[in-house]
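> Sequence below, structure please.
(chains A and B)
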Number of protein chains: 2
Amino acid sequence: MAETYGEKALVLCSGGVDSTTLLAMAVKRFGAQNVFALSISYGQRHGREIEAAQAVAAFYGVQQRFLDLAAIFADSNCSLLAHSTEAVPESSYAQQQAEGGDGPVSTYVPFRNGLFLSSAASMALSLGCSVVLYGAHHDDWAGDAYPDCSQAFVDAMGAAISEGTGGQLRLEAPFVQLTKADIVREGLALGVPYQLTWSCYEGGETPCGKCATCIDRAAAFAANNALDPLLG
Amino acid sequence: MAETYGEKALVLCSGGVDSTTLLAMAVKRFGAQNVFALSISYGQRHGREIEAAQAVAAFYGVQQRFLDLAAIFADSNCSLLAHSTEAVPESSYAQQQAEGGDGPVSTYVPFRNGLFLSSAASMALSLGCSVVLYGAHHDDWAGDAYPDCSQAFVDAMGAAISEGTGGQLRLEAPFVQLTKADIVREGLALGVPYQLTWSCYEGGETPCGKCATCIDRAAAFAANNALDPLLG
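Sure, this is the predicted structure:
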């Protein structure tokens, strides 16, 4: 990303590997004083992600905002939601799709990322930002597992944000064609404090090691011959 | 609109003329039992709109959902917000633009309609709907007063909703090229209970008659040689 002066940016921060790496890049590019981190509760099973996002924002010294949008998903039975009767699958996305065919996985929260990006756009414009940064990456949308992470979705949502704000705001998703391994490579070079992040869908003391996001995270560190500090 | 069987629809209902007319059309097309009305608080100056939306949904016998998204606009100073230090202008949109030039008016709430549509998409998918209906019309976006009502915005947002839900949901905005007068003509033919609706930006006992939306509403009824029952 090119150096940018005089702009403010809002980064959607989940507390995970991808958005934390994106936050590190944003701080380098815009300066910590020009970056806002937005973290959103949506009724997930545990608060570990939000705690991680808080720790990461504090590490980088950026301003933080929180939202609770759980009410929007009151009628959903997605397995990531605390009120769901579905269990979180103990297998990778690839395995889930091999069993169930292509298409959204059971951990797809209905249009969640569209909602998060719209919320981010409304807040960003209110805060005088000109950019919203979104950490979706290629592994998320392989086989259409998470359609709200795809290049086509990002392009359409970017157009909606630009048109709907009269050109005052743009969406950037620099990881959308990268793998999680690519992102970890970038983050390791930037010294991202991955020990502060949280990825696991369960809210235990340590990552479960069995859910799709644990499997993906482990593979991304392994591909870089690196140790995940959360497991160290 | 064509007859549609076996589909469920969610209509964004503000309690005003446009979305109430859209709700009437949806009930005729899908059947009241297949229609959900979603009404959203965003921190506006008064609760008259939400009360009107409630009365309208009760009239048509559709299921209703409410959301409070005011927290998202905590940092905005848009004149429609209860915490704003700006006054609501006492002039038409055309007058405001003649004075201030083209572009968003002071009553533009940052990306509000993008946020509303994303919230509607998340809820609609959770409820098993395949359509989200949106009542934006041409007068709203003339001169780019409300960029989040334009044809280009609707097209982009429609693509984002379709892509982001893996094709499970679509957006329809049948009024986007119509004027408010066209909408009132349609609604009068359908017997829409306009006496239950509310448009004025102020929350008084009766409409103020001075704000842009009062001016537009009066003109739309006058163009149809009809009396606004709210003023009768």
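
> Retrieve the pLDDT associated with the residue nearest to residue A:59 when sequence neighbours are not counted.
Among residues not flanking residue A:59 along the chain, residue A:193 sits closest, at 5.4 Å (CB to CB, 6 or more residues apart in numbering or on different chains). (Glycine included, C-beta is placed from N, CA and C.) pLDDT, residue A:193: 97.

> so residue A:34 touches residue A:8, yeah?
Yes: using CB atoms under 8 Å, residue A:34 is in contact with residue A:8, at 4.6 Å.

> Tell me which helix or strand comes right after the lowest-mean-pLDDT helix or strand in chain A, heading toward the C-terminus.
Ranking every helix and strand in chain A by mean pLDDT, DSSP states H and E puts helix A:93-100 at the bottom, with a mean of 68. Scanning forward in sequence from helix A:93-100 by DSSP states H and E, the next helix or strand is helix A:112-126.

> Indicate whether that next one makes contact with chain B.
Yes: Helix A:112-126 lies within reach of chain B by CB under 8 Å from any CB of the partner chain, at A:112-115, A:117-119, A:121-123, A:125-126.

> For residue A:156, state which of those is nearest.
residue A:114 (9.3 Å; CB to CB).

> dump the residue contacts of that closest one.
Under the criterion of CB atoms under 8 Å, 6 or more residues apart in numbering or on different chains, the contact list for residue A:114 reads A:148, A:153, A:157, B:118, B:121-122, B:160-161, B:164.

> Distance check, it against residue B:115.
Noted for residue A:114: a distance of 10 Å to residue B:115, by CB to CB, to the nearest Å.

> can you check residue A:65 too?
Using CB to CB, we find residue A:65 at a distance of 14 Å from residue B:115.

> returning to what we had before: list the contacts of the residue nearest to residue A:59.
Residue A:193 touches A:20, A:56, A:59, counting by CB under 8 Å, 6+ apart.

> which of those tops the neighbour count?
residue A:20 (31 neighbours; other CB atoms under 10 Å in any protein chain shown).

> Helix or strand: which one has it?
Using DSSP H and E, residue A:20 falls within helix A:17-30.

> what does residue A:168 give?
Assigned by DSSP H and E, residue A:168 falls outside every helix and strand.

> Hmm, residue A:124 and it touching each other?
No: using CB under 8 Å, residue A:168 is not in contact with residue A:124; the gap is 9.3 Å.

> ok, those two, which is more surrounded?
More crowded of residue A:168 and residue A:124, by other CB under 10 Å: residue A:124, with 32 against 19.

> Excluding chain neighbours, what is closest to that one?
residue A:10 (4.0 Å).

> circling back: if we look at the helix holding residue A:20, which residues are touching it?
The contact list for helix A:17-30 (CB under 8 Å, 6+ apart) reads A:1-4, A:7-9, A:11-13, A:35, A:37, A:52-53, A:56-57, A:60, A:62, A:133-137, A:174-175, A:180, A:183-184, A:186-187, A:190-194, A:196-197, A:199, A:217, A:220.
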